[in-house]
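**Q** sequence and predicted structure below; questions after.
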Amino acid sequence: MDPNALQRSSFIPKRPLASHGRGGGFSRRNSANIFFILSITVALVVLLGTGVLFFYERHLSLRIDELKMEFAEAEKNIDRDFFDTVGAFDVRLQRVIEILTNHVAASEVFALLEANTLRSVYLTEFQFGGTGSYSMTFSGIAPNFESLALQADELRANAYLTETDFGEISLDESGNVVFGVSASVDPSLIRYASLFAEAEDLDVAEDEEVENSF
C-alpha cells in the first residue's frame with residue numbers, strides 16, 4: 001500500500017461537523033417567543049384589571065358623594081316641628097297607657113261579691129285598697145252558722161281571692177251570726193289592662209262564632 005495514501009486518509013474531520021439539530025434550535029427560539037407573548041398578555045391583563053378597578057373605585061366615590069349631597073338636602077327639608085310634635089304626643093301616650101295599666105276598677109270587686117254572696121247573707125262596712133297588691137275587708141250577717149260555713153266555702157273557692165280569713169264571729173241580739181272577712185284580691189281582676197284584654201278576647205270569640213254559624 002502506498003504510504004502517502006495512508007497519510008492523505010484520516011478519520012479526524014478537517015472541519016466541524018454540521019449540526020443535525022436544526023429543529024432543536026428552532027424549538028428554543030419558539031419557546032422564547034411563546035414566553036414573551038405570555039408575558040405581554042399577563043402584563044396587559046394586569047394593566048386592564050388595574051384600570052377597571054381604578055374606574056370602579058372612582059365611580060363608587062362619586063356615587064357616595066352624590067348620596068351624601070342627597071341626604072344633606074333631604075335633611076334640610078325635614079319638618080323638625082312635626083317630629084317634635086310627634087315625640088311629645090308619644091310621651092303623653094305612654095303616660096296615658098301607664099295610667100290605664102295601673103288604674104283599678106273597684107267596681108269589679110263589688111261584682112265579684114254580688115255573684116258570690118248567698119241571698120241569706122248581708123254584707124256591711126266594706127273597705128278596699130292597696131297599691132300593687134290589693135286587699136279588702138268587710139263585715140257580714142248570716143242567719144246561722146250553716147249559712148256562714150257555706151258563705152266561707154263560696155268565697156274561698158273563688159280564684160281571684162286569696163288568704164280569705166273569717167273572724168270576729170259573734171251572735172247579735174236576734175241570734176244572727178255576725179262575722180268579719182279579710183282577703184287579698186288578684187290585681188288582674190281590677191286592672192283596666194286586664195279588662196281590655198278580656199273584652200278583646202270576647203269580641204274575637206263572638207266574631208269566630210258568627211263566622212262558624214255561616
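**A** Structure's in. What do you need?
**Q** residues near Asn144, how many?
**A** Using other CB atoms under 10 Å, Asn144 is surrounded by 13 other residues. C-beta: built from backbone N, CA, C; applies to glycine.
**Q** shouldn't it be in contact with Val177?
**A** Yes. Taking CB atoms under 8 Å as the definition, Asn144 is a contact partner of Val177 at 6.3 Å.
**Q** quick one: low-confidence parts of the chain?
**A** 1-30, 77-79, 97, 99-103, 132, 192-214 (pLDDT under 70).
**Q** so the closest residue to Thr117 other than its chain neighbours: helix, strand or coil?
**A** Nearest residue to Thr117 in three dimensions, chain neighbours excluded: Leu123, at 6.2 Å (CB to CB, 6 or more residues apart in numbering). Under DSSP: H, G, I helix; E, B strand; the rest coil, Leu123 falls in the strand class.
**Q** what's the local residue count around Leu123?
**A** 15.
**Q** nearest the middle, which residue of the protein would you pick?
**A** For the chain, Gln94 is the residue whose C-alpha lies nearest the centre (CA atoms, centre = their mean; 20.0 Å).
**Q** okay, that residue and Glu168: tell me how far apart.
**A** Taken as CB to CB, to the nearest Å, the spacing of Gln94 relative to Glu168 amounts to 45 Å.
**Q** go on, Thr117?
**A** 18 Å.
**Q** compare those two (neighbour count), which wins?
**A** Neighbour totals were compared for Thr117 and Glu168, and Thr117 leads with 16 against 10 (other CB under 10 Å).
**Q** wait, what's in contact with that one?
**A** 123, 151, 154 (CB atoms under 8 Å, 6 or more residues apart in numbering).
**Q** next: Glu125.
**A** Glu125 neighbours (CB under 8 Å, 6+ apart): 137-139.
**Q** kindly recompute the last result at 10 Å.
**A** 137-140, 180 (CB atoms under 10 Å, 6 or more residues apart in numbering).
**Q** all helices of the protein, in order?
**A** 3-8, 22-77, 80-102, 107-116, 145-156, 187-190, 192-213 (DSSP state H).
**Q** just the CA trace of stretch 49-66, in PDB.
**A** C-alpha atoms of stretch 49-66 as PDB (Å, rounded to 0.1, in the frame of the first residue of the first chain):
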ATOM      1  CA  GLY A  49     -57.700  45.000  35.700                       C
ATOM      2  CA  THR A  50     -55.900  47.800  37.400                       C
ATOM      3  CA  GLY A  51     -57.700  50.300  35.100                       C
ATOM      4  CA  VAL A  52     -61.100  48.700  35.700                       C
ATOM      5  CA  LEU A  53     -60.600  48.700  39.400                       C
ATOM      6  CA  PHE A  54     -59.500  52.400  39.400                       C
ATOM      7  CA  PHE A  55     -62.500  53.500  37.400                       C
ATOM      8  CA  TYR A  56     -64.900  51.400  39.600                       C
ATOM      9  CA  GLU A  57     -63.500  52.900  42.800                       C
ATOM     10  CA  ARG A  58     -63.800  56.300  41.200                       C
ATOM     11  CA  HIS A  59     -67.400  55.600  40.300                       C
ATOM     12  CA  LEU A  60     -68.200  54.400  43.900                       C
ATOM     13  CA  SER A  61     -66.500  57.500  45.300                       C
ATOM     14  CA  LEU A  62     -68.600  59.800  43.100                       C
ATOM     15  CA  ARG A  63     -71.800  57.900  44.000                       C
ATOM     16  CA  ILE A  64     -71.100  58.200  47.700                       C
ATOM     17  CA  ASP A  65     -70.600  61.900  47.300                       C
ATOM     18  CA  GLU A  66     -73.900  62.200  45.500                       C
END
